[in-house]
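**Student:** Below is the sequence, then the predicted model.
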Amino acid sequence: MTAAPLVALVGNPNAGKSALFNALTGARQKVGNYPGVTVERHSGKLTLPDGRIVDLVDLPGAYSLEPSSPDERVTRDVVTGTQTGERLPDALVVVVDASNLDNHLRFALQLIALGLPVVVALNMFDLAERDGLTLDPLKLSAELGVPVVPTVAVRRRGLDELKILLGGIVDADAAIRLRPSNHAIGEDIVTLQRRARKIAQAATVEEAPARRWGNALDSVALHPVLGVLLLFVILFVMFQAVFFAGAAPAEAIASVFDAVSGLVKDVMPDSVLRSLITDGIIAGVGAVVKFLPQILIMFLFILVLEASGYMVRAAFLMDRVMASVGLSGRAFIPLLSSFACAVPGIMSTRTIDDEKDRLTTILVAPLMTCSARLPVYTLVIGALIPNTKVLPFVGLQGLVMLGLYIMGVVGAFVVAFVLRRTVTKGASSGFMMEMPKYQLPRVRDLAIGLWSRAEIFLKRAGTTIAFTTIVLWALLSFPKPPEGSPVSPVNYSVAGRIANTIEPAFRPIGFNRDIVLALIPAMAAREVAVAALGTVYAIDTAGEQSETKMAQTLHTRWSLPTALAFLMWFVFAPQCISTIAVTRRETNGWKWPAFMVGYLFALAYIAAGAAYWAAIGFGL
Ligand SMILES: Nc1nc2c(ncn2[C@@H]2O[C@H](COP(=O)(O)OP(=O)(O)OP(=O)(O)O)[C@@H](O)[C@H]2O)c(=O)[nH]1
Ligand SMILES: [Mg+2]
C-alpha cells in the first residue's frame, strides 16, 4: 500500500491558509486576523472528488524561502523536503491574498520555482471585490504557468474547483517529477518583487478606488494620542464587562453546584465518602467552574479584537513602548496571547527572529495576566473590594482588576528593560508586520474560539484541578481530631500541620494559614488556589460552607492588607507547571526555566510584602 499523497498549504502569513485548511478538512485550527497565528505544522485528511484521500498540512506563514524566524524555517524545510521525519510534499497549494497580490506573489514565485506541482488559491477574493479590485484568474494562471482558483476560505467558495484541480496534479503515477528551476530560487528580492508586481498588474482588470473607510478608521486607531486613548477605553470596557455581565451567570452556576451538593447530603448518610464528594470534589471544582462566564466574556473581547484586525494596530501603537524597553514589536502578539495562557504565548514567540529578543519575550510572558488568574482575582476582589461606583458606570472592582493587569504589564516591561541590559543584552529590532484588513468577525469563528476555550477550562477543572483538590481534601481531612478536641479539624490534619510549619516564612508578607494552605497545591495550576480555599472552608465549617457563601467567609477571615498581598503574589508568582515545561522545550534546557521561576518568586515575595506593609501604613 502506498501512502496517501502529501499536499502542503503554503503562503504568506495571514493569507488564509488555516481557514482553507479548516474548510477542506473540517479541522478547527486557530485562525486569526494577524500574521503569525500558526507556528507549527498541523495535518489533516482531505477527500478528493474521485474519492482519493490526501494528507493535507497547514504550515506557518512565511515571507520567503530564506527564513528569518523559527516558524518560517519549518515552512522552508517542509517544502524543500529537508524537514526531518517529513517526506517531500507531492504538491503545494500556494495561498495568496487576492487583495494584496504583488506582495504575496513574491513568495508564490519562489514556491512555484521549486518545481513541485502547484495550485494557486487566489484567496480573500471577496475582500478584493470589496476593495473594488477586479482580477482575472485565467490571466494570472497564464502568467504564472500553474492553475489558479479564486477562493473565499471562510465562505467555502471555490473549494470544489480547488479539489478538482488538486486531483489533477496529485497523480500517484506521475513518473517524472519536475526538477527545480533555479531561476526564481536564485533570483534576488528586488528582481522578484518587480516580476511579482508586473504579474499582479497584468492580472488586474480594474482597480476602482473603493471606499477607504479602513483608512479613516486607522487615522483614529493608529493616532499616537487618540489611538492610545481608544486602546485604553477598549480595555476598560472589557474589565468592567467581566464584572458586571459575569456576576449573575457565575452565581447561577454556583447555585447549581450548591443544589447538587445539597442533594448529595440529602441522599447520603454522613460519611467520609460524602465529605469527599461534597467538601472535596464539588466544593473544589465548583469554586473554579463558576468563573467560566467571566473567562468567556474576556475571551469574547479578545477574539473580536483579533478577528477584526485591530490587534496588529494595537501592536503598532505599543511598538514605541516595546522598543524603549528593548522588546521587538513582534513580541506584542506573543505577549498578548499570554493573556489567555502563557503556553501558546511562549510558543508564538517562534515568529521572533532574533534569539535574544525571543528569549526576553519568553521570560516575561508569564507576567501577562493569564486566564487562570481570573478566578483568583475575581474571588478575592469580589469578597474584599467594596462594590462601589467611582463614577457612574465605573465600578471600583473593575478598576482594581484593570490595575492588576496593568501591574503585570508594567512588571514585564521593567523586567525586560533590566534583562536587555544584563542577561539578554543586544539590540532590539524594529516593527515589521503587515496591517491586516479590517473585517467583521464571523459568529461561527467566535463560537468555535469560545467553545475551545471553554473545553480547555472545563477539562482542566475536571482533571488537574479535581485531582489536586482530592489530594488536598485527603490531606485536610486526616487525621481527624479526637472527639471534643479544641483543635479544629483543619489544624489537626496533615495539610494543616504542614501549612502551620511553613506559615512563619510567609508571615512577614501578611499571609495567613489559609493562604499558605491554598498556595501549595496552586503551584500546579493557579485556579487550584480557589478550589483549595473552597475545600478548606468547606471542611473547616463542617460542610456548612456553600459556593455562594464563599465570598462572605473570605470577607470575615481576611484583612484587606492580606488580600492585597495575596493578589500581588498572584500577579508575579510562577505557579504553573505547563508554563515551566513549555519554556524548557522552547529554550532547550533547564537553565532558563530555572532562572524564570527564581526571579518570579523573588518578585512575588517582594511585591506581596510591599503591598501588605503599604496597606497597613495607609491604615486600611
Ligand atoms: N474575507 C475573507 N477573510 C478570510 C478569508 N480567508 C481567511 N480569512 C480571514 O483572514 C484571517 C487570516 O486567516 P488565517 O487562516 O488565520 O491565515 P493564515 O494564512 O493561516 O495565517 P498564519 O497562520 O499567520 O500564517 C482570519 O481572520 C480569517 O478569518 C477569505 O477568503 N475571505
Ligand atoms: Mg495559519
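**Tutor:** Cool, got the structure. Ligands and ions are numbered 1, 2, ... in the order given.
**Student:** Count residues in the vicinity of the residue of the stretch 351-500 of the chain found nearest ligand 2, would you?
**Tutor:** Nearest to ligand 2, among the residues of the stretch 351-500 of the chain, is Thr351, at 11.4 Å (CB to the ion). For the C-beta atoms, the positions are set from N, CA and C on the backbone; glycine is no exception. Applying other CB atoms under 10 Å, we find 27 residues neighbouring Thr351.
**Student:** Double-check it against Pro334; I have them as touching.
**Tutor:** Yes. Thr351 lies in contact with Pro334 (CB atoms under 8 Å); the separation is 7.3 Å.
**Student:** For Ala62, give its distance to ligand 2.
**Tutor:** Distance, Ala62 to ligand 2, using CB to the ion, to the nearest Å: 11 Å.
**Student:** what does Arg106 give?
**Tutor:** Taking CB to the ion, one finds Arg106 at 19 Å from ligand 2.
**Student:** so what's the residue of the stretch 351-500 of the chain closest to ligand 2 closest to, chain neighbours aside?
**Tutor:** Distances taken as CB to CB, 6 or more residues apart in numbering place Gly36 nearest to Thr351, at 3.9 Å, with adjacent residues excluded.
**Student:** pLDDT value on the one you found, please?
**Tutor:** Per-residue pLDDT puts Gly36 at 80.
**Student:** Confirm for me that it is in contact with Ile333.
**Tutor:** Yes. Using CB under 8 Å, Gly36 makes contact with Ile333 at a distance of 6.1 Å.
**Student:** list the residues that contact both of the two?
**Tutor:** 348, 351 (CB atoms under 8 Å, 6 or more residues apart in numbering).
**Student:** what sits against Leu231?
**Tutor:** 314, 317.
**Student:** how about 6 Å then?
**Tutor:** Going by CB atoms under 6 Å, 6 or more residues apart in numbering, Leu231 touches Ala314.
**Student:** what's the next secondary structure element after the host helix or strand of it?
**Tutor:** For Leu231, the host element (DSSP states H and E) is helix 226-267. Helices and strands here follow DSSP H and E; after helix 226-267, the next one along the chain is helix 272-275.
**Student:** Can you list the buried residues in that following helix?
**Tutor:** Neighbour counts over helix 272-275 (16 or more other CB atoms under 10 Å) mark 274-275 as buried.
**Student:** And the contacts of that helix?
**Tutor:** By CB under 6 Å, 6+ apart, the residues outside helix 272-275 that reach it are Met268.
**Student:** Output that helix as PDB, restricted to C-alpha atoms.
**Tutor:** Coordinates of each C-alpha in helix 272-275 appear next as PDB, following Å, rounded to 0.1, in the frame of the first residue of the first chain:
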ATOM      1  CA  VAL A 272     -16.100  10.100  54.600                       C
ATOM      2  CA  LEU A 273     -17.200   9.400  51.100                       C
ATOM      3  CA  ARG A 274     -19.900  12.100  51.400                       C
ATOM      4  CA  SER A 275     -17.300  14.500  52.600                       C
END
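**Student:** So which elements touch the helix or strand just after it?
**Tutor:** Toward the C-terminus, helix 272-275 is succeeded by helix 283-289 as the next helix or strand (DSSP H and E). For helix 283-289, the elements it packs on are helix 528-540, judged by 3 or more CB pairs under 6 Å, 6 or more residues apart in numbering; DSSP states H and E.
**Student:** how much does the helix it packs on deviate in direction from helix 226-267?
**Tutor:** Put simply, helix 528-540 runs at 30 degrees to helix 226-267, going by axes from the mean of the first three to the mean of the last three CA atoms, to 10 degrees.
**Student:** in the stretch 301-450 of the chain, which ranges drop under the pLDDT threshold?
**Tutor:** Along the stretch 301-450 of the chain, the parts satisfying pLDDT under 70 run over 428-433.
**Student:** for the chain, same thing?
**Tutor:** 1-2, 172-186, 209-212, 428-433, 542-548.
**Student:** who's sitting farthest from the centroid in the protein?
**Tutor:** Distance from the C-alpha centroid of the chain peaks at Gly484, with 51.6 Å (CA atoms, centre = their mean).
**Student:** Confirm that one sits in a helix?
**Tutor:** No. Counting by DSSP: H, G, I helix; E, B strand; the rest coil, Gly484 is not part of a helix but coil.
**Student:** got a list of what whichever residue of the stretch 151-300 of the chain sits closest to ligand 2 touches?
**Tutor:** Across the stretch 151-300 of the chain, the shortest distance to ligand 2 (CB to the ion) belongs to Ala153, at 10.6 Å. When contacts are counted by CB under 6 Å, 6+ apart, Ala153 touches 16, 19-20, 23, 123.
**Student:** For these, work out which two are farthest apart.
**Tutor:** Ala23 and Asn123 (10.3 Å; CB to CB).
**Student:** So those two - more neighbours on which side?
**Tutor:** Neighbours per residue (other CB under 10 Å) separate Ala23 from Asn123, with Asn123 holding more: 31 against 20.
**Student:** Could you double-check that the more buried one sits in contact with Ser18?
**Tutor:** No. With contact defined as CB atoms under 6 Å, Asn123 does not reach Ser18; the gap is 11.1 Å.
**Student:** I'd guessed Asp136 sits against Thr204; true?
**Tutor:** No. Taking contacts as CB under 6 Å, Asp136 lies outside contact range of Thr204: 7.7 Å.
**Student:** Can you flag which of the contacts of Ala153 belong to helices?
**Tutor:** Among the contacts of Ala153, the residues falling in helices (DSSP state H) are 19-20, 23.
**Student:** Asp97 and Ser68, how far apart?
**Tutor:** Counting by CB to CB, to the nearest Å, the gap from Asp97 to Ser68 is 20 Å.
**Student:** which of these two has more neighbours?
**Tutor:** The residue with more neighbours, out of Asp97 and Ser68, is Asp97; 24 against 16, by other CB under 10 Å.
**Student:** just checking, Leu56 is part of a strand?
**Tutor:** Yes. According to three-state DSSP, the state of Leu56 is that of a strand.
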